[in-house]
Every structure is written in C-alpha cells, then in structure tokens.
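Enquirer: A predicted structure for the sequence below; I have some questions about it.
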Amino acid sequence: MGKCIMRPLSDEGVRKIRQESIKILEDVGVKVSHNGAKKLLKEAGAKVDEDTNLVRIPGDLTEKCLNKLPQKMVLAGRDPDKDIVLGAGIDSTYYRSMTGAEGYIDVRTGKYRKVVYSDVKDFALVDDALENIHIVTAPYYCDPDLNLHARDVRLLEILLENTSKHILMQPYTGKNTEFMIKLGLAERGSEKELRRRPRFTVMMSPVPPLTYHGNEIDVMLWAGKYGIPLEITSMPICGGAAPVTVAGGVLLTVAEHVAGVVIGQLAYPGMSIIFAPRTCILDMSTGSALEGSIENALISAAETQVAKEGFGWVADMYGPTSDSLVLDGQSIIERTFNTTLSAYAGADILAGGGNYEHSYTMDIVQLAIDNDIFGMTSRVLRGIEVNDDTLGLDAIRRVGAGVDKSYLIDEHTLKYFRTECSKHKLMVHASRATWESDKGKDLTERAKERVKTILKEHRPAPLPKEIVKELRAIAESAEREITETTTV
Amino acid sequence: MARDSVLKEIADSVTKGESEAKVRELTQRAVKEGCSVRDIIDKGLLLGLEVIGERWKKGDAFIPEVLLSAKVMGAGMDVIRDAIVESGIKPIGKVVIGTVRGDVHNIGKSLVAMLLGSAGFEVHDLGVDVAPEKFVKAVKEQKADLLGMSALLTTTMPGIADTVKAIKKEGLQVITLIGGAPVTQEYATSIGADGYAPDAISAVAKARELLRIKK
C-alpha cells in the first residue's frame, strides 16, 4: 500500500540535525539542577559543573541512552478494546484533544469565559463520544474557591470516571504526579497492572534553551518508576529561546528532547518516552508566541520527519491548533495545515483537538469539527490500494461503454461504497433548497448541535462504585496536601 | 545649526540601529558642540528610539530592530552618564523588575527591562522565580520608583498579588506595573496594582505615564 509522505528535509538534513543535536549536548551542554539526575549523569561519564549545573554529555553516552528506548509502548484505555500500541513498524495514527487551557467557549452563549469545574465533565463527555478521539484530556477549571494547585490530580479523577479512553495529563510537580499514580493504582487494582497497561500518560516541559529544572525531572522520575509513559514537550520560541530559523528551531528542540531521553534512560532504562514538541514562533511585531502559523506546520512536519527517520521515536505533534481567538476561517485554515503536514510526515498522535488562541482556549464545538478533520486525515493516510478488484477491472468490463450504462447498483459499487467514501458528520452535502429548508445552518451551527446532542445523550461506561469512592478520596487528599505550584 | 544637525544625526542613527561606535562618536561630537545633556537625550537618543517605537506600533518595524536601536542608544547614554549625574538630571525612574516566584518565563520580561533601560530608566532585573521578599528587599535597597512583575501561568499569578500585598504592608511608595500573557487590567485592578501593560512597548509608555502622575 502506498503511504502519504511529507518530507520537508532531505536525507542529509535529517542526518545533520541528528548529528548536531547530539553534539550540542556535548559542546554546549544542558543545565540540570536536579541532584539525583546530576549524580546519574556524572556516574555515567558526563561532565557536571556543580556551580553552574551545566552538564556536558559525551556523544557515545547519548547514543547508548537513545538505544535504550523501548521498541513498543502501550497506552491503555479502561478495557483493552481502547488500548493504543505505538512503536517501531506501527503505522496507525491516533488523535487527541488539547490540554492545559483555562479559556473556554460557553456552548450555550458562544461567549469566551474562564473554565469552570462543570466544564470538565462536559469536555470529557464530548471527547469520549467523538469517534475520532483516542486520547482524552481536560480543560483547567479556574473557580477561585477551589484548590487550583491540585486541580491536575482532580482532573485525572474526573476523567477516569468519565471516559474509557486513554488519558493524557500535565502534572504540575513530582508530588502531583505521585497523587496521579495513586489514582492509577486504585483504578488498575495493582502496580503490576498499571505497569502492564498504563491508564494515562504524563507530560512535562524542559525550559528553553537547554534547561531541565528539578520539577521536570521529578515528574519524569515518578513516571519512570511506575512505567507511566512520558511525553517530553520541548517548546522553545524561535527567535526568543531558540534560533529564529526553522532549521535551527527544529535542531534546538530535538537537542532538548535528546537530553531528556538521556536522563530518563539513565534513571529507568527502557522507560517509555514520547517526542511531543511544540516549537513556537516569536511574532516580531507583537511579541506573541505563535503555534498555528504555516511555519509552525512546517516545523512540526520537519520534527516528525527527524523523529521517524533520524531516531525512530514515537511522535505526538500538533494537530489542530490556531492563533485565532475565535472559531473562524483563520482557525480552520491554520489547524488544517498543521494537522495534515504532521500527519503526512508520519506523526503517531495528532494533538490539539478543540484548541485555539495558541493553547489558551478550549472550544468543544471546535473539537467536534476537529473530529471530522481527524476523520478526513485518516482517510488520506489509508492510502489507495491498487489491485484488480479495487481497480474495478471486472466492473468496468461488466458495465462497458455507452451513455445508458451505470455503476449505481453494480455488485462492485455495493461491495465498496460504504468503505470507499468516508462520511464526516458535520459536512453538508445538500442542495441549496434542501439546506435552506433546514434553516441553512453553517458548520459552526451544525457542530454546536452535535455537541448539544452528545451532552444530552452520551453517558460514559460507569466505574464500579468502590473505585469511584477510592479515587475521590485520593483527589481530596491531594487537595489537602498540595497548596502551591512551582515550575522550578 | 550645527547642534540641531548633530542631534538629528544621533536620532537617525539610533532609529537605524547603526552601530554603537557611530552613536558614541556622534554623542561625543554633540557634547563638543555644546549641546545640553537634556537635548542630547530628548532630541537625539530618546527621539531615535521613539521613532522606531512608533514604526513598530504601525507594523513597519519589528522587535529585533527596536532592541538593536535600544542597544545603540545605550552606547550613547554611556557617553553622557557622568554628565547626566552632574547636571542633576535623574534617570526618569528606578525600576526593579522580575518574573514572579515559581515562574521561569523570561523573554517578555527581559524585553520590557531592555526597553525601559533604553528609555532612560535605571533597571534592576532580578531575573526569574523571584519571591515577594526578594522584590521587597530590592525595592527598599534601590529606592525603586517602579516595580515591574511578570507571570506567564495562572498558577504563578498569585505571586504578583502576594508581592503587591507585601509592598503595601511595608508601606513602600513604589508604583507596581504588571504584565504577562494571562494577566489582565481586570486582574491588576482587583489586586491593587497601579498599572497593567499588554506588551513591551506599552509597558514603557505606561511606566512613563504612571511616574509622571506620581511626580
């Protein structure tokens, strides 16, 4: 079967980026403030300056660590039917919603506001119902009377109860990760089961350029200890904390990720690490960090290519994203470019469903539209199989030539019509008269209706009551114990 | 007039971001010609920066160009620094600036610091992850006129409110100006900060406005 390929870099480009990323860690170094990580690096042969925390990692050590990454990883749902397997030789593409936003579009009023607690369940319902979402995430509630420093833990508790799909979380600190793992252990029933089928993945970000704070390493170590897959999200801003050139931005991002892999593999050889960069562009007019521009799309495709061809990594990339502040044409243009370029470059996971305002806003109506973009992407990635049957050699001979001939009820048509022509719930394919007779709704209106129906009718499979009780108790204890946040 | 012409040359050179050496040389010439320190700043160095600042607002110039202008202007300011002190002209204000506790976002805050410095402020940049006590100490030690704070995460924004509270508790007469992506005018008002700016160039204008009102 043919495969869609988006390769913005030449073979030599990929090779050079790989080579230079490893060299940067040796020549420039990376700042690591975590004492445990520094010790591991030193013992393994890296040069550690205790005064500046600058660590220079020799190339052969880096190569050794890169080789320790596992060939396959499981991202589990509640039951095996929702499990995702990623790794070498696996060509499937999965989709997920965005994470981390505090801005929200109220589906009833269409107006922007901050996320509130009740939005989380709504979002989980829509995520759980949409057929092209495989990994579920949460918006971040901002209710002033709630403990916001432990909300990441509470969010995981809500998601565990409201979806049977795999979950992605962004823990604030090592302590928060520890509580998330407690939730995971309670839901899975044992450490053995959590390790065998991890119910959630966690994400952390180094600080560009080339810095890993204690906080990030703490999250990584908790993940490694319990076999929880870890996404490392390097997101330098080109022109700000990374070179302004697209090539240079890709290189610095890759170098940061390689450093994370080295530390992770030294601590827990074989731990699952996913390349999940979000390289931004510094808009030199406004000072804004862009995530949805065409350069972002190009960078994302290039990073995916480097991940696949240079390193053999599992890659989680944008995906639908936009710098627009509303669901408008800019949002649709930007997210379509960003999704297709990364998908065609071979990304394993496309992220960002529901995302605009460069990750500050979540919109479940946009998410429903992204579901269709994902569906269309899958159709393209399926490719076109060419054989005698798909070519319709017999059918063409059967039907023959002449204006009175038709394929409409030919056996070939009946065999293939359901699978050849994909259906996307929100696309309208009617005549003007029909469309107008149904109130002439545009895409946003139709998406809103779909979301409202889901919210009214969809109910996720419930968890046993005793497990729900235990999960809530863990979330409550997290809210009692965790009272501040740091990114240091 | 020879004086007017050299001042114009200074302004043009700063606007173009044309080498620290050139601006230094022109400033020295202006001093020789007998230009007042006030004129060298207002009609030369600062004017040059304001021109590119206006172009930036219109979308005709970009951040790296503004920063370059700021840098070469700084070279000119260095030439007359002693003369500024002698003439009794104080820096427009003394600023302490930093990113709050638990937050390590740096670029935006540094941009504001650089632009304030070039606009004639004396800036003490405390860096990132700055606790309220550290801000208070620096404001006291420097006798700062203005305290600038940035936060890029809603979870670290409380650091701004805590510092404003600490400043008020100590009865320090310093103006607080805040910014950062999740920060809003609404938030600034609710925590009792004196001002808010959505971007670096507005921050400079706002800082000058707030200090004029105070003085």
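Expert: On my side now, so go ahead.
Enquirer: Please name the residues that touch the residue of the stretch 1-150 of chain A found nearest chain B.
Expert: Closest approach between the stretch 1-150 of chain A and chain B, counting by C-beta to the nearest C-beta: residue A:102, at 5.6 Å. The way it works is simple: take the backbone N, C-alpha and C, and place the C-beta from them, glycine included. By C-beta atoms under 8 Å, 6 or more residues apart in numbering or on different chains, the contact list for residue A:102 reads A:114, A:115, A:139, A:140, A:142, A:360, B:154, B:182.
Enquirer: what does stretch A:456-471 rub up against?
Expert: A:78, A:124-126, A:128-129, A:157, A:160-164, A:183, A:186-187.
Enquirer: Which members of these are positioned in helices?
Expert: Applying DSSP state H to these, the entries found in helices are A:124, A:125, A:126, A:128, A:129, A:157, A:160, A:161, A:162, A:183, A:186, A:187.
Enquirer: In CSV, list those along with distance to residue A:461, pLDDT and neighbour count.
Expert: Output for the ones in helices among the contacts of stretch A:456-471, formatted as CSV (distance: C-beta to C-beta, whole Å; pLDDT from 0 to 100; neighbours: other C-beta atoms under 10 Å in any protein chain shown):
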residue, distance to residue A:461, pLDDT, neighbour count
A:124, 12, 96, 25
A:125, 12, 96, 22
A:126, 16, 97, 25
A:128, 9, 97, 20
A:129, 12, 98, 20
A:157, 16, 98, 23
A:160, 12, 98, 25
A:161, 10, 97, 17
A:162, 10, 96, 24
A:183, 18, 98, 25
A:186, 17, 98, 20
A:187, 13, 98, 23
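Enquirer: near chain B too, which of the residues you listed?
Expert: Among the ones in helices among the contacts of stretch A:456-471, none lies close to chain B by the criterion of C-beta under 8 Å from any C-beta of the partner chain.
Enquirer: ok, for the residue of the stretch 1-150 of chain A closest to chain B, nearest residue in space, not its chain neighbours?
Expert: residue A:140 (4.9 Å; C-beta to C-beta, 6 or more residues apart in numbering or on different chains).
Enquirer: quick one: the one you found and residue B:182, what's the gap?
Expert: 11 Å (C-beta to C-beta, to the nearest Å).
Enquirer: try residue A:79
Expert: With C-beta to C-beta as the criterion, residue A:79 and residue B:182 are 38 Å apart.
Enquirer: out of these two, which sits in the busier spot?
Expert: residue B:182 (17 against 10; other C-beta atoms under 10 Å in any protein chain shown).
Enquirer: CA atoms only: put the strand or helix carrying residue A:466 into CSV for me.
Expert: Taking DSSP states H and E as the criterion, residue A:466 maps to helix A:465-481. In CSV, the C-alpha atoms belonging to helix A:465-481 read as follows (Å, rounded to 0.1, in the frame of the first residue of the first chain):
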residue,chain,number,x,y,z
LYS,A,465,-18.8,2.5,43.0
GLU,A,466,-15.9,1.3,45.3
ILE,A,467,-13.3,2.5,42.8
VAL,A,468,-15.0,5.9,42.4
LYS,A,469,-15.1,6.3,46.2
GLU,A,470,-11.3,5.5,46.4
LEU,A,471,-10.5,7.8,43.5
ARG,A,472,-12.4,10.7,45.1
ALA,A,473,-10.7,10.1,48.4
ILE,A,474,-7.3,10.3,46.7
ALA,A,475,-8.2,13.5,44.9
GLU,A,476,-9.4,15.0,48.2
SER,A,477,-6.2,14.2,50.0
ALA,A,478,-4.2,15.8,47.1
GLU,A,479,-6.3,19.0,47.6
ARG,A,480,-5.5,18.9,51.3
GLU,A,481,-1.8,18.3,50.9
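Enquirer: ok, and for that helix, which residues are buried?
Expert: By neighbour count on 16 or more other C-beta atoms under 10 Å in any protein chain shown, the buried set for helix A:465-481 is A:467, A:468, A:470, A:471, A:472, A:474, A:475, A:478, A:479.
Enquirer: and the gap between the second one and residue A:105?
Expert: When C-beta to C-beta is the yardstick, residue A:468 and residue A:105 sit 29 Å from each other.
Enquirer: what do you get for residue A:374?
Expert: Residue A:374 sits 19 Å away from residue A:105, going by C-beta to C-beta.
Enquirer: Equivalent analysis for residue A:128, please.
Expert: As for residue A:128, its distance to residue A:105 is 19 Å (criterion: C-beta to C-beta).
Enquirer: what are the phi and psi values for residue 117?
Expert: No chain was given, so I picked chain A. With angles defined as degrees, to the nearest 10, residue A:117 sits at phi -50, psi -40.
Enquirer: Hmm, residue A:90 is touching residue A:72, no?
Expert: Yes: at 7.5 Å, residue A:90 counts as touching residue A:72 under the criterion of C-beta atoms under 8 Å.
Enquirer: So residue A:374 and residue A:105 - more neighbours on which side?
Expert: More crowded of residue A:374 and residue A:105, by other C-beta under 10 Å: residue A:374, with 26 against 21.
Enquirer: helices or strands up against the one helix or strand residue B:160 maps to?
Expert: Element membership of residue B:160, judged by DSSP H and E, is helix B:158-169. Contact here means 3 or more C-beta pairs under 8 Å, 6 or more residues apart in numbering or on different chains; DSSP states H and E; on that basis helix B:158-169 packs against helix B:132-142, strand B:146-150, strand B:175-179, helix B:185-191.
Enquirer: pLDDT (mean, whole number) over that helix?
Expert: Helix B:158-169 carries an average pLDDT of 95.
Enquirer: Counting neighbours, which bits of that helix end up buried?
Expert: Along helix B:158-169, these residues count as buried under the neighbour rule (16+ other C-beta under 10 Å): B:158, B:159, B:160, B:161, B:162, B:163, B:164, B:166, B:167.
Enquirer: export the residues you listed to JSON lines and tack on distance to residue B:10?
Expert: Formatted as JSON lines, the buried residues of helix B:158-169 follow (distance: C-beta to C-beta, whole Å):
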{"residue": "B:158", "distance to residue B:10": "45"}
{"residue": "B:159", "distance to residue B:10": "40"}
{"residue": "B:160", "distance to residue B:10": "38"}
{"residue": "B:161", "distance to residue B:10": "43"}
{"residue": "B:162", "distance to residue B:10": "43"}
{"residue": "B:163", "distance to residue B:10": "38"}
{"residue": "B:164", "distance to residue B:10": "39"}
{"residue": "B:166", "distance to residue B:10": "42"}
{"residue": "B:167", "distance to residue B:10": "38"}
